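**Q** okay, sequence plus prediction incoming.
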Amino acid sequence: ISPNLDIVRTIASWMMLLGIFYYFGWSLRETTWIDPGVYSVMIALVSVGLGLHWIRDAEN
């Protein structure tokens, strides 16, 4: 593995994208945009991804 490859940032970015795609995909499939369960899954994924990015910034 190259030293420039940061797997934590890659995972964090994918978690954020997965949360956003999950919300839009589910909402389009079910034709509803208001669902607390979907919000909570999306917010959890995006928050953890964002938090991982902030942790990596603090380490550098």
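**A** Done, it's in.

**Q** please report how far the spatially most central residue of the chain lies from Thr31.
**A** Nearest residue to the geometric centre of the chain (C-alpha atoms, centre = their mean): Met16, 1.8 Å. Distance from Met16 to Thr31, counting by C-beta to C-beta, to the nearest Å: 25 Å. The C-beta positions use only the backbone N, C-alpha and C, and glycine is treated the same way.

**Q** ok, the residue nearest to the centre of the chain touching Leu52?
**A** No: with contact defined as C-beta atoms under 8 Å, Met16 does not reach Leu52; the gap is 9.1 Å.

**Q** got a list of what Val38 touches?
**A** 22-23, 26-27 (C-beta atoms under 8 Å, 6 or more residues apart in numbering).

**Q** so, low pLDDT: which residues of the chain?
**A** The chain contains residues with pLDDT under 70 at 1-5.

**Q** can you give me the strands in it?
**A** Here the chain has no strands by DSSP state E.

**Q** quick one: the helices in this structure?
**A** 7-30, 36-59 (DSSP state H).

**Q** you'd agree Tyr23 is up against Ser40?
**A** No: in this structure Tyr23 lies outside contact range of Ser40 using C-beta under 8 Å: 10.5 Å.

**Q** the more surrounded of the two?
**A** When neighbours are counted by other C-beta atoms under 10 Å, Tyr23 and Ser40 differ, and Tyr23 comes out ahead with 19 against 10.
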